[in-house]
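Next input, structure requested:
(one chain, ligands or ions: 1)
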Amino acid sequence: MIVEPLQSRNVRLRTATDDDAAFMLELRTDESLSRFLNRTDADLGKQKAWIAAKRDAADDLPLIIEDAAGLAVGTVSIYHIDAALKSFCWGRWIIRPGSMVTAAIESALLVYVQAFEKLGLELCVFDVRNGNAKVLSFHEKLGAHFMYRTSTDSWFFFSKDDFAAARSRYARFL
Ligand SMILES: CC(C)(COP(=O)(O)OP(=O)(O)OC[C@H]1O[C@@H](n2cnc3c(N)ncnc32)[C@H](O)[C@@H]1OP(=O)(O)O)[C@@H](O)C(=O)NCCC(=O)NCCS
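Residues are numbered from 1 along each chain as shown. As a prediction, this is how the structure comes out:
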């Protein structure tokens, strides 16, 4: 899927293109950043094909997080978009260390603006690896509801109404 870019106070969120393959690969193959992500082959051709396939799919949206100067600082995706259930998941979220401190909260808010307000979806259901304490705490602070834990992942939901409440709490970032 391809969408128009969105802008928050310091962050721009845009659809990934072929030209982002090397940057995405650099983040995904960085050992310290990929601990809680599925393994990615260090193969530029495969990464380009992956981006193209996701952009062509109706249920997936690979995105790039940019700073105010237009520099790519991270990546994230909205995926498993179910048009009938109006539900989605998001993740594949990586931000380069040393980026501005609000990159995480602003990119998360923009993901929800895109999904709930632009795509008209109503429910986000997502999982976080049990060991990923920082990201678990991030979602709890934003107001996600814990559902259950498997041996590997913790599952949460976050609704359109939850986002409306978070949006007013975090209006200063948007
Ligand atoms: C996941 C990831 C993108 C999150 O970014 P991050 O910058 O580490 O996010 P943080 O939770 O530290 O948040 C950044 C800042 O925003 C603040 N913040 C986070 N949530 C906030 C909230 N709800 N309200 C106010 N501030 C908040 C944090 O306190 C932090 O500021 P601090 O450093 O002064 O404490 C990043 O850790 C990463 O790339 N990790 C590796 C990949 C990964 O595991 N991805 C998740 C799998 S989907």
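
Quick one: distance of the lengthiest helix in the chain to the chain centre.
Among the elements of the chain assigned as helix by DSSP state H, the one spanning the most residues is helix 44-56. When distances are taken as CA atoms, centre = their mean, to the nearest Å, helix 44-56 is centred 17 Å away from the chain's centroid.

what's around the spatially closest residue to residue 18 that is not a sequence neighbour, how many residues?
Leaving aside its sequence neighbours, residue 18 sits nearest to residue 48 (CB to CB, 6 or more residues apart in numbering; 5.1 Å). For the C-beta atoms, the positions are set from N, CA and C on the backbone; glycine is no exception. Using other CB atoms under 10 Å, residue 48 has 18 neighbouring residues.

pLDDT score assigned to residue 48?
On pLDDT, residue 48 comes in at 97.

again with residue 79
pLDDT for residue 79: 98.

re the thing from before, what's next to the longest helix of the chain, contact-wise?
1-2, 15-18, 20-22, 24-25, 40, 60-62, 77, 79 (CB atoms under 8 Å, 6 or more residues apart in numbering).

From those, list just the buried residues.
1, 15-16, 20-21, 24-25, 40, 60-62, 77, 79 (16 or more other CB atoms under 10 Å).
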